[in-house]
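Participant: Provided below are the primary sequence and the corresponding predicted coordinates.
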Amino acid sequence: MSMLNSWQRNVSLAPLTTLGIGGPADYFVEAHSLDELADAVRQAKETGMPYFVLGTGANLLIGDGGFRGLVIHNRAESFEFNGNKLRSDSGAVIADLINASLDKKLSGLEHFVGIPSSVGGALWQNLHFLAPDRQSTLFIETVLSSARILDENLQIHEVAAEFFQFGYDESILRHKPIIVLEATFQLTLANSEDIQKQMYANMQWRRQRQPQLDEFPSCGSVFKKISGVGAGRLIEEAGLKGHRIGDAQISDKHANYIVNLGSAKAADVCGLLRLVQDSVSDNSGYGLEPEISFMGEFT
Ligand SMILES: Cc1cc2nc3c(=O)[nH]c(=O)nc-3n(C[C@H](O)[C@H](O)[C@H](O)COP(=O)(O)OP(=O)(O)OC[C@H]3O[C@@H](n4cnc5c(N)ncnc54)[C@H](O)[C@@H]3O)c2cc1C
């Protein structure tokens with residue numbers, strides 16, 4: 001079939017994830033526009049090929065065996081402002097939207113500075129960070145005004161934020177094969193110095209408490225928050241901070257992060273995930289659930 005010819009074969013996925021782990025995709029295509037993104041999904045469905053859309057690969061563990069199907073790397077990255085609204089393709093990188101918003105003195109996305117994410121991944125996750133008071137959490141859903149999606153029957157719809165059924169690390173995208181094509185954010189005019197101050201404060205907070213990607217590859221927090229307790233604290237109390245299997249290590253800076261010390265395998269990370277779940281359950285009775293996405297074949 002013609003599209004099979006245009007898809008690349010046997011492409012290594014590890015370099016496309018922030019953790020730097022994972023075997024090859026049997027088929028791989030880059031989508032540089034929303035039409036290309038929708039076409040790739042349609043073609044995968046028509047050929048009965050398993051597929052998934054890859055954003056910045058920041059919340060993903062890909063199995064050592066790789067992915068038997070098509071990986072669609074979303075590089076549709078256009079965006080534009082219309083007054084205080086920002087319309088963006090789903091492959092745009094949140095950091096680029098934050099910088100462009102700052103130039104326009106528009107506030108709303110700066111709270112998510114330092115988080116690697118595409119727009120599509122951000123809605124999948126309901127991207128979040130601590131509010132400036134450091135007591136509550138700010139979610140990207142609060143600035144999302146609408147989105148365009150490709151549903152499981154390949155129909156395109158304009159939807160409001162409520163469609164996504166957002167929660168903490170939670171949205172409908174985690175449960176249904178719905179693809180975000182584009183999103184529109186409602187931002188607010190503000191003073192650019194205030195926006196910059198918030199970005200600086202958040203970056204400082206993150207650097208002090210979490211391993212940064214320029215220090216260690218990771219995929220951010222691996223377990224879902226347990227309200228009022230904190231997964232990191234439970235893992236630390238179970239005595240696992242710094243624990244290592246192969247080159248995968250429970251970060252000694254933040255126990256809910258697993259870092260890749262060099263040549264970690266997905267099997268090492270899975271070993272740590274199981275160890276954490278068992279130890280925390282024995283130690284405190286809590287059942288920790290992973291919040292990351294698992295793709296491909298695990299050995
Ligand atoms: C160092 C570090 C710090 C982090 N800190 C935070 C933090 O403070 N707060 C936070 O919320 N997260 C954090 N994360 C997690 C991560 O940044 C987010 O989950 C991010 O939203 C993932 O986006 P992505 O584009 O990388 O998605 P990917 O990892 O590429 O994909 C994740 C999932 O989303 C799906 N997906 C991607 N694009 C689409 C689309 N267009 N339509 C439908 N589904 C799609 C994929 O198929 C996959 O299942 C952190 C990660 C790292 C590495």
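Facilitator: Sure, I can see it. Numbers count the residues shown, from 1 in each chain.
Participant: what's stretch 281-288 in contact with?
Facilitator: Stretch 281-288 is contacted by residues 223-224, 226, 229, 231, 234-235, 237-239, 276-277, 280 when judged by Cβ atoms under 8 Å, 6 or more residues apart in numbering. For every residue, glycine as well, the C-beta is placed using N, CA and C.
Participant: in helices, which of these appear?
Facilitator: Among these, the residues falling in helices (DSSP state H) are Ala231, Leu234, Ile235, Glu237, Val276, Gln277, Val280.
Participant: pick out the most distant pair among these.
Facilitator: Spatial extent of the ones in helices among the contacts of stretch 281-288 (Cβ to Cβ) is set by the pair Glu237 and Gln277 at 14.2 Å.
Participant: and the protein, which residues reach the ligand?
Facilitator: For the chain, the residues in contact with the ligand (Cβ under 6 Å from any ligand atom) are 18, 52-60, 74, 90, 115-118, 120-122, 124-125, 127-129, 173, 179-180, 213, 218-220, 293.
Participant: take these and keep only those in strands.
Facilitator: Counting by DSSP state E, these place 52-54, 60, 74, 128-129, 179-180, 218-220, 293 in strands.
Participant: next, format those residues as JSON lines and append neighbour count and pLDDT.
Facilitator: JSON lines is the format used below for these (neighbours: other Cβ atoms under 10 Å; pLDDT from 0 to 100):
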{"residue": "Phe52", "neighbour count": "19", "pLDDT": "97"}
{"residue": "Val53", "neighbour count": "25", "pLDDT": "98"}
{"residue": "Leu54", "neighbour count": "27", "pLDDT": "98"}
{"residue": "Leu60", "neighbour count": "23", "pLDDT": "97"}
{"residue": "Asn74", "neighbour count": "27", "pLDDT": "98"}
{"residue": "His128", "neighbour count": "20", "pLDDT": "97"}
{"residue": "Phe129", "neighbour count": "18", "pLDDT": "97"}
{"residue": "Ile179", "neighbour count": "23", "pLDDT": "98"}
{"residue": "Val180", "neighbour count": "27", "pLDDT": "98"}
{"residue": "Ser218", "neighbour count": "24", "pLDDT": "98"}
{"residue": "Cys219", "neighbour count": "25", "pLDDT": "97"}
{"residue": "Gly220", "neighbour count": "21", "pLDDT": "96"}
{"residue": "Ser293", "neighbour count": "17", "pLDDT": "95"}
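Participant: between those, which is closest to the ligand?
Facilitator: Gly220 (2.5 Å; Cβ to the nearest ligand atom).
Participant: surely the closest one touches His254?
Facilitator: No - using Cβ atoms under 8 Å, Gly220 makes no contact with His254, being 9.6 Å away.
Participant: so Lys44 lies in a strand, does it not?
Facilitator: Lys isn't right for residue 44; it's Ala. No - under DSSP: H, G, I helix; E, B strand; the rest coil, Ala44 sits outside any strand and is assigned helix.
Participant: how many neighbouring residues does Ile172 have?
Facilitator: 15 (other Cβ atoms under 10 Å).
Participant: that one contacts Phe164, correct?
Facilitator: Yes - with contacts counted by Cβ under 8 Å, Ile172 reaches Phe164, the gap being 5.4 Å.
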